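Participant: only geometry, no sequence info:
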């Protein structure tokens, strides 16, 4: 079922090249529901076929992720607080909740941004609370790039080695997500322990 979609993405990435990777990863990193797996895995497969360059693929993917995250970040800064105060009550979000989110990100924004970039369905939206809290731009950009970079490298590597085998891709992606969650739990444990000290 996924084969026609994967073939289409491979064709699109192959046609648009590195700009296509940048645009699609920008969309994935902003609020559009566009999975990064269908971009970076085919790109990794094209590297394997000597049709794309590894360094340029990684740069395009990471840069697209960063700029998409910055788009959400600035959107939240400009419109987020006013929008939530005006309409938040319809979604059970009070001004007190907004203040708590802002305080949390001021205290733990770096670890939350990094972790969020590695969690499916969270990485697209983690930039909104960061922007809402007006998290330091350099700190936000650094941890976004770090988290996005790890994810992009993982997907590209998968595409390079097993990009032609859909079943193996699903299997390995599940294993990798499990390892990432375990890593984040351990990271969170040591972070909390250090903060308590």
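Facilitator: Good, I have the coordinates. What you see is a predicted model; the values in this text were computed from it and never measured.
Participant: number of nearby residues for residue 15?
Facilitator: Other residues lying near residue 15 total 9 when counted by other CB atoms under 10 Å. From N, CA and C alone the C-beta is placed, and that goes for glycine too.
Participant: pLDDT value on it, please?
Facilitator: If you check residue 15, the pLDDT there is 76.
Participant: what do you get for the one 3 residues further on?
Facilitator: According to the per-residue confidence, residue 18 scores 90 in pLDDT.
Participant: tell me the contacts of the closest residue in space to it that isn't next to it in sequence?
Facilitator: Excluding its sequence neighbours, the residue lying closest to residue 18 (CB to CB, 6 or more residues apart in numbering) is residue 60, at 4.2 Å. Residue 60 sits next to 18-19, 21-22, 25 when contact means CB atoms under 8 Å, 6 or more residues apart in numbering.
Participant: what's next to stretch 48-57, contact-wise?
Facilitator: Contact partners of stretch 48-57, identified using CB under 8 Å, 6+ apart, comprise 13-14, 17-18, 21, 40, 43-44, 46-47, 156, 159-161, 163.
Participant: Buried residues, that stretch. List them.
Facilitator: Neighbour counts using 16 or more other CB atoms under 10 Å place 48, 52, 57 of stretch 48-57 among the buried residues.
Participant: ok, the residues you listed vs residue 36, which is closest?
Facilitator: Closest approach to residue 36 among those (CB to CB): residue 57, at 12.6 Å.
Participant: Distance-wise, check that closest one relative to residue 148.
Facilitator: Residue 57 sits 14 Å away from residue 148, going by CB to CB, to the nearest Å.
Participant: Point out where this protein drops to low pLDDT.
Facilitator: When residues are selected by pLDDT under 70, those of the chain lie in 1-14, 33-34, 80-104, 109, 163-172, 189, 191, 195-197.
Participant: What segments of this protein are helices?
Facilitator: Using DSSP state H, the helices of the chain run over 3-16, 18-29, 37-48, 54-75, 81-87, 95-116, 127-132, 137-162, 166-196.
Participant: returning to what we had before: from the buried residues of stretch 48-57, which single one is nearest residue 175?
Facilitator: Using CB to CB, those come closest to residue 175 at residue 48, 20.1 Å.
Participant: now the residue nearest to residue 18: how far from residue 176?
Facilitator: Residue 60 is 21 Å from residue 176, by CB to CB.
Participant: Could you let me know which of the contacts of stretch 48-57 ends up closest to residue 137?
Facilitator: For the contacts of stretch 48-57, the nearest to residue 137 is residue 21 (24.3 Å; CB to CB).
Participant: From residue 132, how far out is the closest one?
Facilitator: When residue 21 is compared with residue 132 (using CB to CB), they lie 29 Å apart.
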